[in-house]
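Asks: Predicted coordinates and the sequence they were generated for:
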Amino acid sequence: DAEITQSPRHKITETGRQVTLACHQTWNHNNMFWYRQDLGHGLRLIHYSYGVQDTNKGEVSDGYSVSRSNTEDLPLTLESAASSQTSVYFCASSRSGNEQFFGPGTRLTVL
Amino acid sequence: GQSLEQPSEVTAVEGAIVQINCTYQTSGFYGLSWYQQHDGGAPTFLSYNALDELEETGRFSSFLSRSDSYGYLLLQELQMKDSASYFCAVTGSSASKIIFGSGTRLSIRP
């Protein structure tokens, strides 16, 4: 069955370190998205991609970067982790705007 | 810019009906979606409305009024397992990009 996975599921890191969160989907979807979820803010879009070599900034992209070298993967990198980036991160994919399929999430703590 | 408004919390009784409203402001509009998220889980898709219509899927219905920039999710015959957060989301300036509201936490009492 097609699925979308994220790793790691939990991560603790220190301020200033570079962190990469992985997202892998087997739906063969062109569209992939990264969100962060904080209490009271719902899901906020960080970066998104409409296909290989395409990346776009979302509403909260500062301090984050993504790259899309193939259809299946969209890794999210925190260049220099900050305590404000402590959050739950969700990756999602879609074929169109109608329905997004979400991964299980990564809980990131920056100390 | 884009913004969505929905109540932060709603409480209802098991077996009853509840309506969760959503108003939006967007620079472009393709459609309104609803997602459900249980505590500790990932959001899952419930419904999508592109036209002024009532969409029904089992106990859940979703309605859209484009002229009023308004939609709602209707949950009937509430069950305890419906306790979750519900997010409305707008597909706005891009046909594939979704902006989410802050979510409505639905609590159900026996």
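Replies: Thanks, I have the structure now.

Asks: which ones are touching residue B:43?
Replies: A:43, A:90, A:92, A:100, A:102, B:35-37, B:87 (CB atoms under 8 Å, 6 or more residues apart in numbering or on different chains). Every C-beta, even on glycine, is put in place using the N, C-alpha and C of the backbone.

Asks: need the longest strand for chain A.
Replies: Looking across chain A with DSSP state E, the single longest strand is strand A:42-51.

Asks: what does it contact?
Replies: Contacts to strand A:42-51, defined as CB under 8 Å, 6+ apart, come from residues A:30-38, A:55-61, A:64-66, A:68, A:71, A:74, A:76, A:89-90, B:43, B:87, B:96-103.

Asks: buried set for it?
Replies: Of the residues in strand A:42-51, those buried by neighbour count under the rule 16 or more other CB atoms under 10 Å in any protein chain shown are A:42-50.

Asks: Mind telling me the two of these farthest from one another?
Replies: A:42 and A:50 (22.6 Å; CB to CB).

Asks: Residue B:46 is in contact with residue B:37, correct?
Replies: No - using CB atoms under 8 Å as the test, residue B:37 is too far from residue B:46 to be in contact (10.3 Å).

Asks: who touches both of the two?
Replies: Both residue B:37 and residue B:46 are in contact with residue B:86, where contact means CB under 8 Å, 6+ apart.

Asks: hang on, the earlier thing: taking the contacts of residue B:43 one by one, which sit in strands?
Replies: When those are checked against strands (DSSP E), the matches are A:43, A:90, A:92, A:102, B:35-37, B:87.

Asks: Are we agreed that residue A:24 is in a strand?
Replies: Yes - assessed by DSSP: H, G, I helix; E, B strand; the rest coil, residue A:24 belongs to a strand.

Asks: where along chain B do the strands fall?
Replies: Under DSSP E, chain B gives strands at B:3-5, B:9-13, B:18-25, B:31-37, B:44-49, B:54-57, B:60-65, B:70-75, B:84-91, B:98-100, B:104-109.

Asks: what residues does chain A put near chain B?
Replies: A:31, A:33, A:35, A:40-45, A:48, A:50, A:59, A:90, A:92, A:94, A:96-105 (CB under 8 Å from any CB of the partner chain).

Asks: Show me which of those are buried.
Replies: A:31, A:33, A:35, A:42-45, A:48, A:50, A:90, A:92, A:94, A:97-103, A:105.

Asks: hmm, back to that, can I get the buried residues of strand A:42-51 in TSV with pLDDT?
Replies: Shown next, in TSV, are these (pLDDT from 0 to 100):
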residue	pLDDT
A:42	87
A:43	93
A:44	94
A:45	93
A:46	96
A:47	96
A:48	94
A:49	95
A:50	93
